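# What follows is a predicted structure for the sequence shown.
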2 protein chains.
Amino acid sequence: MYTIERDPELEQQQDKGSETLEEGASSATMRHDEKSSESLERCGSFDSMLCPADMSARSRKAYLQHMMDELPRPVHNRILAMKHSQMEQIKISEQFYREVYELEKRFYLQCAELFDSRRDIVDGSVEPEPMEPSWSEQHDDLVAELQASKEFHQLTELMPKMPANAVGVPRFWLSIFRNVSLLSDMVQHHDEPLLECLMDVRISYEPESYTLKFLFRPNSYLDDCSLMLTKKYLLRHQADQEYPFMFEGPEIVSCEGCHIHWRDDSNLTMQTVGSGYRVGNAIPRESFFNFFSPPQPQDLSLADEKTKMLLGNDFEVGFLLRTQIVPKAVLFYTGDLVDSTNEGLSDSDSSETSDTDADTDTTAPAPTHTPEQLSD
Amino acid sequence: MYTIERDPELEQQQDKGSETLEEGASSATMRHDEKSSESLERCGSFDSMLCPADMSARSRKAYLQHMMDELPRPVHNRILAMKHSQMEQIKISEQFYREVYELEKRFYLQCAELFDSRRDIVDGSVEPEPMEPSWSEQHDDLVAELQASKEFHQLTELMPKMPANAVGVPRFWLSIFRNVSLLSDMVQHHDEPLLECLMDVRISYEPESYTLKFLFRPNSYLDDCSLMLTKKYLLRHQADQEYPFMFEGPEIVSCEGCHIHWRDDSNLTMQTVGSGYRVGNAIPRESFFNFFSPPQPQDLSLADEKTKMLLGNDFEVGFLLRTQIVPKAVLFYTGDLVDSTNEGLSDSDSSETSDTDADTDTTAPAPTHTPEQLSD
């Protein structure tokens, strides 16, 4: 039996135990104890102040950097030699991650028919046979408890009802966008009527990039030549020259949107404002559709903080759509998967914490693609 | 230009803008506005109470489950059909993840020589040529600032000095264990003398499992027949039957330790206690070496909470060692990589937050291996 977390009280008790032990200990256990203290003298004890794992990440970095600087020259050189080996290993891992990316592409293509059938059901062109689940539907006691509460009933009374004769699955993609924090943050009220017309989201994989394709049914906002909007994410398959040791696979380095042909006066990214002689001035406004005209800095590392933040967020969205939302859309519609951005929020309906929640953390993309690397 | 986070103030201003707009708007913009409100009436507006992304994960699950239950029968059936497709996709993804695991194994074997050279440098059997870094050493202003502080100087005065004639890199693996929270939490003071003798950690990949091998130099704790300790992690490459939709690749389902042949009275996992007539009673105590005798429940899902917690933690350690520590050991020694468990800790030496830290989050293994799935 072992405990992972140190219990300070327990440790104190153990220390007391050792004292008792010294009084009546056998010579064998004494020898044992001597070994420990000999070691402590030789190398200094890691008291709580000196255990790097207990420091904040940055303090630990500072401490360990200092430790490196203080190493005797020969030992320092041995560490450098090991870092050279590490660089060679990173070269090998570049090829490994390229092959994983190729596998992902092949997997996506294998699923193409399944994505076609999803689209056909969403837009109502195919009516599936009645069927029963072949899986056991998840049962969560805390969810059931929540659903029994008065607050929950008040909440659900406001829930919009779907008509029995609905075609396909109305608002399928819009609902998903509203169920996932990272996406919902981008969607404005005025975007919803057009996002109701979003029928499919697909990916095409190119060797050095991938493109998200958003397919709309004909509508009164977009010109018919603009019913497919695209967003391309360019990848770097090599380790960053400045931070080679952070390499964890292909990284998004830039993105390209597309021109949207709006019908007259239907541009959701612009707003006509003004009074008196300034009537009719169009100014930009927040909209999901700004996703298709991201900032295009010449050099991301030299961009201002706001641009870095915007693009960092954009890359996260692009990564989330490719790895989670597009392949598993229906699960985000049903709530079988929920992102855990709001994990810290208190459930007003429940005093239980959700620490043991089995939800997939979809908002923590692999370190490879996090925008943090941009902001240094 | 687009903003990802909604600014409530900005939204209010925009609402005011719309009011002004209605006064002197052209018929075209009016048409636009009508479309929006028509849509709101038809499907109900997502006010802040009703946007699932703003709810806690559990509330969102409850809300969406209720929404499913309320769907008209034909729409509900369409969703079921899509979930059937999703199940087929999961079958395809099982093969995808198997191939990724095969690639990982191949990559590891390609790096074997590099791991050999690391071991030879650590144990002092090979002295590398003097060399210069071929990479630019990271410079972090906040780290430099921290290092200039008085507190930091006090801290580093206590830092143990390494003798110039040290053989190899003393305490290499022990230092790594002390630099990474998840590992450091397992290591007790009395484990350190033996962990100083840890010379190498390796992995062997089997089709349905992998084994961590801990190699010690001869020492006064372990019998010579026990200088290699092993920990085997068994994998399930198929989706969990109960939670098929959570599948994200092979999952650790159980683990096996090994018997340790301790030299007489050197067992670090036992403590001799007692006074008077009970002198010499040996009782279990906390120790890193309990890692090699994990609890073995017949059925993990039926195990008590403590066992689930212990094994969940153990599986995380097993995953971290395989994916981060073993392949990149030197970077955890130098602090080039630090886990971010303590990211929330305030730097006593700095008022800056570390939100923009470029550190790799090594404590967030892929959702596949998180222990949360055990605790339901």
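Done, it's in.
# A:Gln241 is in what secondary structure piece?
Assigned by DSSP states H and E, A:Gln241 belongs to no helix or strand.
# That one: what's it in contact with?
If a contact means Cβ atoms under 8 Å, 6 or more residues apart in numbering or on different chains, then A:Gln241 has B:Ser136 as its contacts. For every residue, glycine as well, the C-beta is placed using N, CA and C.
# Mind pulling the model confidence for it?
A:Gln241 carries a pLDDT score of 90 in this model.
# Which residues in stretch A:254-265 does the neighbour count mark as buried?
A:Ser254, A:Cys255, A:Gly257, A:Cys258, A:Ile260, A:Trp262, A:Asp265 (16 or more other Cβ atoms under 10 Å in any protein chain shown).
# Now do the strands in chain A.
Secondary structure of chain A (DSSP state E): strands at A:198-206, A:209-216, A:228-236, A:251-256, A:270-273, A:281-284.
# among these, which is nearest chain B?
strand A:270-273 (5.1 Å; Cβ to the nearest Cβ).
# For the closest one, give the mean pLDDT please.
86.
# Pipe the strands of chain A into JSON lines and attach distance to A:Leu146 per row.
Below are the strands of chain A laid out as JSON lines (distance: least, Cβ to Cβ, whole Å):
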{"stretch": "strand A:198-206", "distance to A:Leu146": "30"}
{"stretch": "strand A:209-216", "distance to A:Leu146": "34"}
{"stretch": "strand A:228-236", "distance to A:Leu146": "36"}
{"stretch": "strand A:251-256", "distance to A:Leu146": "37"}
{"stretch": "strand A:270-273", "distance to A:Leu146": "39"}
{"stretch": "strand A:281-284", "distance to A:Leu146": "40"}
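# among those, which is nearest B:Ile90?
Smallest distance to B:Ile90 across the strands of chain A (Cβ to Cβ): 17.9 Å, for strand A:198-206.
# Strand partners (parallel or antiparallel) of that closest one?
Strand A:198-206 has the following strand partners under DSSP bridges: strand A:209-216 (antiparallel).
# Now do the strand it pairs with: distance to the chain's middle.
Taking Cα atoms, centre = their mean, to the nearest Å, one finds the center of strand A:209-216 at 19 Å from the center of the full chain.
# what angle sits between it and strand A:251-256?
50 degrees (axes from the mean of the first three to the mean of the last three Cα atoms, to 10 degrees).
# List the buried residues of stretch A:112-131.
Buried, per 16+ other Cβ under 10 Å, within stretch A:112-131: A:Leu114, A:Phe115, A:Ser117, A:Arg118, A:Arg119, A:Asp120, A:Ile121, A:Val122, A:Asp123, A:Pro128.
# what's the average pLDDT for that stretch?
The average of the pLDDT scores along stretch A:112-131 is 96.
# if we can go back for a sec, of the buried residues of stretch A:112-131, which are in range of chain B?
Filtering the buried residues of stretch A:112-131 for neighbours of chain B using Cβ under 8 Å from any Cβ of the partner chain leaves A:Leu114, A:Ser117, A:Arg118, A:Ile121, A:Val122, A:Pro128.
# Just the closest of these to chain B, please.
A:Pro128 (3.4 Å).
# How many residues are close by the closest residue to the closest one other than its chain neighbours?
Setting aside the residues directly before and after it, A:Pro128 is nearest to B:Ala81 in space (Cβ to Cβ, 6 or more residues apart in numbering or on different chains), at 3.4 Å. By the measure other Cβ atoms under 10 Å in any protein chain shown, the count of residues near B:Ala81 is 21.
# rewinding a little: how about CSV for the buried residues of stretch A:254-265, with distance to B:Asp223 and pLDDT added?
Shown next, in CSV, are the buried residues of stretch A:254-265 (distance: Cβ to Cβ, whole Å; pLDDT from 0 to 100):
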residue, distance to B:Asp223, pLDDT
A:Ser254, 58, 96
A:Cys255, 59, 97
A:Gly257, 66, 98
A:Cys258, 68, 98
A:Ile260, 73, 98
A:Trp262, 78, 98
A:Asp265, 84, 90
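# if we can go back for a sec, among the buried residues of stretch A:112-131, which ones are in helices?
Among the buried residues of stretch A:112-131, the members falling in helices (DSSP state H) are A:Leu114, A:Phe115, A:Ser117, A:Arg118, A:Arg119, A:Asp120, A:Ile121, A:Val122.
# Name all residues that make contact with A:Trp262.
So A:Trp262 contacts A:Tyr221, A:Leu222, A:Asp223, A:Ser226, A:Leu268 (Cβ under 8 Å, 6+ apart).
# Quick check: A:Asp54 vs B:Leu195, distance?
When Cβ to Cβ, to the nearest Å is the yardstick, A:Asp54 and B:Leu195 sit 17 Å from each other.
# I misspoke; the intended subject was A:Lys328.
Counting by Cβ to Cβ, the gap from A:Lys328 to B:Leu195 is 42 Å.
# need the helices for the stretch 151-300 of chain A, in chain order.
For the stretch 151-300 of chain A, applying DSSP state H, counting those that start in this stretch gives helices covering A:172-179, A:181-184, A:192-195.
# dump the residue contacts of the nearest residue to A:Ser125 once chain neighbours are set aside.
Distances taken as Cβ to Cβ, 6+ apart place A:Gly168 nearest to A:Ser125, at 7.6 Å, with adjacent residues excluded. A:Gly168 makes contact with A:Ile121, A:Val122, A:Asp123, A:Gly124, A:Ser125, B:Arg78 under the criterion Cβ under 8 Å, 6+ apart.
# picking up where we left off before, now the buried residues of stretch A:254-265 as JSON lines including distance to B:Ile203?
Listed next are those as JSON lines, based on distance: Cβ to Cβ, whole Å:
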{"residue": "A:Ser254", "distance to B:Ile203": "36"}
{"residue": "A:Cys255", "distance to B:Ile203": "36"}
{"residue": "A:Gly257", "distance to B:Ile203": "43"}
{"residue": "A:Cys258", "distance to B:Ile203": "45"}
{"residue": "A:Ile260", "distance to B:Ile203": "50"}
{"residue": "A:Trp262", "distance to B:Ile203": "56"}
{"residue": "A:Asp265", "distance to B:Ile203": "63"}
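# Of the residues you listed, which is the nearest to chain B?
Lowest distance from chain B to these (Cβ to the nearest Cβ) belongs to A:Asp265, with 3.7 Å.
# Among the contacts of A:Trp262, which ones lie close to chain B?
Counting by Cβ under 8 Å from any Cβ, no member of the contacts of A:Trp262 reaches chain B.
# Name the member of those with the most neighbours.
A:Leu268 (24 neighbours).
# Pull the contacting residues for that one.
Residues near A:Leu268 by Cβ under 8 Å, 6+ apart: A:Gln188, A:His190, A:Asp191, A:Leu194, A:Tyr221, A:Trp262, A:Ser287, A:Phe288, A:Phe289.
# check contacts around the fifth one.
A:Tyr221 makes contact with A:Pro193, A:Leu194, A:Cys197, A:Trp262, A:Arg263, A:Ser266, A:Leu268, according to Cβ under 8 Å, 6+ apart.
# try A:Leu300
Here A:Leu300 is in contact with A:Val253, A:Ser254, A:Thr307, A:Lys308, A:Leu311, A:Leu374 (Cβ under 8 Å, 6+ apart).
# Quick one: buried ones out of these?
Buried among the contacts of A:Leu300 (16+ other Cβ under 10 Å): A:Val253, A:Ser254, A:Thr307, A:Lys308, A:Leu311, A:Leu374.
# I'd like those residues as a markdown table, with distance to A:Ser136 appended.
Formatted as a markdown table, the buried ones among the contacts of A:Leu300 follow (distance: Cβ to Cβ, whole Å):
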| residue | distance to A:Ser136 |
| --- | --- |
| A:Val253 | 43 |
| A:Ser254 | 44 |
| A:Thr307 | 47 |
| A:Lys308 | 45 |
| A:Leu311 | 42 |
| A:Leu374 | 43 |
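# I'd like those as TSV, with distance to chain B appended.
Conversion of those to TSV gives the following (distance: Cβ to the nearest Cβ, whole Å):
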residue	distance to chain B
A:Val253	15
A:Ser254	16
A:Thr307	9
A:Lys308	9
A:Leu311	10
A:Leu374	9
